[in-house]
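>>> When you get a sec, could you give me coordinates for this:
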Amino acid sequence: MSKFVAPSSTSSFPESSLIPVTILTGYLGSGKSTLLNSILLNPDSPLKILVIENELGQNTPDDQTSSSSSSSTTSLPSNSSALASGLGVGIEELVVRGPAGVGTYLQLPNGCICCTVKSDLTLSLEASLKENKDINHVIIECSGVTNVGSVGEMFWGDRGGDFKVTLDGIVCCVDSKNMMKQLNDDDIKDTVRGQIMYADRILINKIDLLSGEGESVDDVINAVTELNCGSSIKKSVKGVVQLDDKETFAHGYNYNDVKNIKWLTEVGGFSAPGAFCIPKEQHLDYVHSVSIFLEGYVDHGKMERFLGKLVWGDSGGDVNVNLGESAGEDPKNYGAGYMKIFRFKGVIAAGGEGAAEEDELEIEGDEERQEYRSQRKYILQGVNDTFEITPVEGSGRQSTWQENESIRCDIVFIGGNLDKGVLEKGARECLML
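The predicted structure follows:
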């Protein structure tokens, strides 16, 4: 019988003190600016938001131009006039000229800050937060053609350093009137699909413009769900949402958020374990989603090695999965084997030495460490070839496994040419006996 070693009921796990970052994406004309303005002009918002308009276009971390500490990294955002008009004031009343390394930005009466970044995004963000100590949330508005996956990767892997922010999630605005045309336009369809696939929350906007002769709201939702069945969906008219609705923000990476733990079993398509979110014959080209359900604990280290093999193409250690099998009549050579993984996430029950280290427990004996089962729930998040398996912070009921709760692992993969059999086999080989 496997030995269960868990923290005592009096143990207290740490809460995060990092500032959450929400990435806002969507193709040109999808309603991003309208949504932002409605948030920023809310006088009753409890959030002091720093909004950064990212003008780096098709940017990746390697493409960014570093700026020296003496140069200005920010300027006024493109929506300055709209914000000033909404407040009934002149732009000059909102403009703040920061010190060297910050530049010019807008400061709104409710404490929110707005600026445009044309150089290094991370340096600009650090400088702006250092200058404005009251900020408690950051929104990065990406241009309509930005590689949002690369932007998201920039906020991972340095939680203990000087960069005191963490990725909260990716929100995508969708133009419901034009989305189906965009998905069939060879020049832009990859960009539009990518924005939808990377998102944790999708706002289907402009539903008031859908006519009875064209696509319906259900048609748009079905197409979105086919590309990303792991994202929650909210409908909006002209980008207007309930400003007191915390679900406006994604919370896709917020390990303290209760809804984040429940997302996998609440979205459509997850009622039957092992089922595709959308029937395979309905897939748009080669891109689709696959969901995996496992009962019991997985070994933290084995799961890391399996995912490493999946996205990096390495040996996979003791996980015996062949990623080079035939993908059918028209296999595509994407990354590790024939599958291309854009996004994966899930809630898992983790054990083994890796989980014991994450829980910061000193357990004597190799066998005891290998048989350890954590009481904490773990979040799996992956974008492109970057991923992490992280315990939920805090000690509440939603962050730990309860006696009457089924111990399970639920994972969704989003990508191209996904082979459900290979993915499920690899995940099952990580199960602890």
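>>> residues of the helix ranked longest in the chain that come out buried?
The helix that spans the most residues within the chain, counting by DSSP state H, is helix 300-312. Buried residues in helix 300-312, counted by 16 or more other CB atoms under 10 Å: His300, Gly301, Lys302, Met303, Glu304, Arg305, Phe306, Leu307, Gly308, Lys309, Leu310, Val311. Where C-beta positions appear, they are placed from N, C-alpha and C, glycine not excepted.
>>> domain ranges for the chain?
Under the assignment automatic domain parsing, the domains of the chain span 19-254, 264-428.
>>> possible to save these as JSON lines with mean pLDDT?
Formatted as JSON lines, those follow (pLDDT from 0 to 100):
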{"stretch": "domain 19-254", "mean pLDDT": "74"}
{"stretch": "domain 264-428", "mean pLDDT": "72"}
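>>> so what's Asn384 closest to, chain neighbours aside?
Distances taken as CB to CB, 6 or more residues apart in numbering put Gly149 closest to Asn384, at 5.2 Å, once the chain neighbours are dropped.
>>> Which helix or strand contains Val412?
Here Val412, judged by DSSP states H and E, is contained in strand 408-416.
>>> Could you tell me which strands that strand is paired with, and in which direction each runs?
Partners of strand 408-416 in the sheet, by DSSP bridges, are strand 287-295 (antiparallel), strand 340-351 (antiparallel).
>>> before we move on, the earlier item: where does the residue nearest to Asn384 sit: helix, strand or coil?
helix (DSSP: H, G, I helix; E, B strand; the rest coil).
>>> Check the gap between it and Arg201 for me.
16 Å (CB to CB, to the nearest Å).
>>> How about Val422?
29 Å.
>>> Report how many residues lie close to Glu153.
Around Glu153 there are 17 other residues, counting by other CB atoms under 10 Å.
>>> who's the nearest residue to Ser291 once chain neighbours are set aside bridged to?
The shortest distance from Ser291 to any non-neighbouring residue, by CB to CB, 6+ apart, is to Val412 (4.8 Å). Following DSSP bridges, Val412 is listed with bridge partners Ser291, Lys345.
>>> residues touching Val412, list them.
Cys229, Gly230, Leu264, Cys277, Ser289, Val290, Ser291, Ile292, Phe344, Lys345, Gly346 (CB atoms under 8 Å, 6 or more residues apart in numbering).
>>> since we're on Leu123, how many residues are nearby?
By other CB under 10 Å, neighbour count at Leu123 equals 18.
>>> before we move on, what SS does it have?
Criterion first, three-state DSSP; result for Leu123: helix.
>>> now swap in Lys181 and tell me
Lys181 - assigned by three-state DSSP - is helix.
>>> Give the other helices and strands that the helix or strand Lys234 falls within contacts.
Taking DSSP H and E as the criterion, Lys234 maps to strand 232-235. Judged by 3 or more CB pairs under 8 Å, 6 or more residues apart in numbering; DSSP states H and E, strand 232-235 is in contact with strand 201-205, helix 217-227.
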